[in-house]
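Visitor: Using only what follows, build the 3D model:
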Amino acid sequence: MITEAQVAEYNLPGIVKHDRRYKDGRPHEAVETEALRQTVLIEILRARLDALLPEPLERVVVREARQRKRLAALLRANG
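Guide: Below you'll find the model as predicted:
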């Protein structure tokens, strides 16, 4: 979802959409993500997903590498 702050930041145009499931069309304002460049959209999405993580992904990757090294050493020593 694009926030109002992002709509303002990227100067995105609003459009009126209609919901055809209703007789009156239930018109509502919308901003389509297609108005953004794909790279910008990916940056917005990645930032939001990173914010939802319980800890930074980089820290998880570093910990995983350390654990893999430790396990490989244990396997060599016991194998």
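
Visitor: Give me the mean pLDDT for stretch 16-32.
Guide: Stretch 16-32 comes out with an average pLDDT of 90.

Visitor: quick one: buried residues of that stretch?
Guide: Neighbour-count burial for stretch 16-32, counted by 16 or more other C-beta atoms under 10 Å, picks out residue 31. Every residue, glycine included, has its C-beta placed from N, CA and C.

Visitor: what residues does the host helix or strand of residue 8 touch?
Guide: Applying DSSP states H and E as the criterion places residue 8 in helix 4-9. Applying C-beta atoms under 8 Å, 6 or more residues apart in numbering, the external contacts of helix 4-9 come out as 12, 14, 31, 44.

Visitor: my read: the last one touches residue 10, true?
Guide: Okay, so that is residue 44. No. Taking C-beta atoms under 8 Å as the definition, residue 44 is not a contact partner of residue 10, at 9.3 Å.

Visitor: Mind checking which of these two has more residues around it?
Guide: For residue 44 versus residue 10, neighbours defined as other C-beta atoms under 10 Å are more numerous around residue 44 (18 against 15).

Visitor: Count the neighbours of the closest residue to that one other than its chain neighbours for me.
Guide: With C-beta to C-beta, 6 or more residues apart in numbering as the criterion, residue 44 has its nearest non-adjacent residue at 6.6 Å, and that residue is residue 6. The local packing of residue 6 (other C-beta under 10 Å) involves 15 other residues.

Visitor: Could you report the pLDDT at residue 6?
Guide: What the model reports as pLDDT for residue 6 is 92.

Visitor: List the contacts of the residue lying closest to residue 25 once chain neighbours are set aside.
Guide: With sequence-adjacent residues excluded and distances taken as C-beta to C-beta, 6+ apart, residue 25 is closest to residue 18, at 3.6 Å. Residue 18 sits next to 25-27 when contact means C-beta under 8 Å, 6+ apart.

Visitor: Tabulate these in JSON lines, adding columns for distance to residue 40 and secondary structure.
Guide: Formatted as JSON lines, the entries for these read as follows, by distance: C-beta to C-beta, whole Å; DSSP: H, G, I helix; E, B strand; the rest coil:
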{"residue": "25", "distance to residue 40": "31", "secondary structure": "coil"}
{"residue": "26", "distance to residue 40": "30", "secondary structure": "coil"}
{"residue": "27", "distance to residue 40": "28", "secondary structure": "coil"}
